[in-house]
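J.: Sequence isn't available, so here's the structure alone:
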């Protein structure tokens, strides 16, 4: 099945140094990944954006479930 997964990722500002009032306004990036769920358990989600005709997967991400905000199944 193909899923759309919305999750949060760390960010690093372009500036090397920030004042406290600037740093406290930072928030994680919200990322959307679409692909085939290769594996999922209570800790991790492994999703691939590409699938070969020989059963191989490519463009694989391992995303901690703790940062997953939403998983939506897409129709083929």
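T.: Happy to help now that I have it. Everything quoted here is computed from the prediction, not taken from an experiment. Residues are numbered from 1 along each chain as shown.
J.: what number of residues lie near residue 31?
T.: By other Cβ atoms under 10 Å, the residues close to residue 31 number 14. In this view, the C-beta of every residue, glycine as well, is placed from N, C-alpha and C.
J.: Over to residue 10?
T.: The local packing of residue 10 (other Cβ under 10 Å) involves 8 other residues.
J.: now the one 3 residues further on
T.: For residue 13, the neighbour count with other Cβ under 10 Å is 11.
J.: three-state assignment of it?
T.: Applying DSSP: H, G, I helix; E, B strand; the rest coil to residue 13 yields a three-state assignment of coil.
J.: do you know how far residue 46 is from residue 4?
T.: Using Cβ to Cβ, to the nearest Å, residue 46 is found at 16 Å from residue 4.
J.: my bad, should have said residue 69
T.: Distance, residue 69 to residue 4, using Cβ to Cβ: 11 Å.
J.: what mean pLDDT does stretch 22-30 have?
T.: Stretch 22-30 carries an average pLDDT of 95.
J.: Between its first and last residues, how far does that stretch reach?
T.: End-to-end distance for stretch 22-30, by Cα to Cα, to the nearest Å: 19 Å.
J.: what comes up buried for that stretch?
T.: By neighbour count on 16 or more other Cβ atoms under 10 Å, the buried set for stretch 22-30 is empty.
J.: my read is residue 54 is in a helix, agree?
T.: No. Under three-state DSSP, residue 54 falls outside any helix and is assigned coil.
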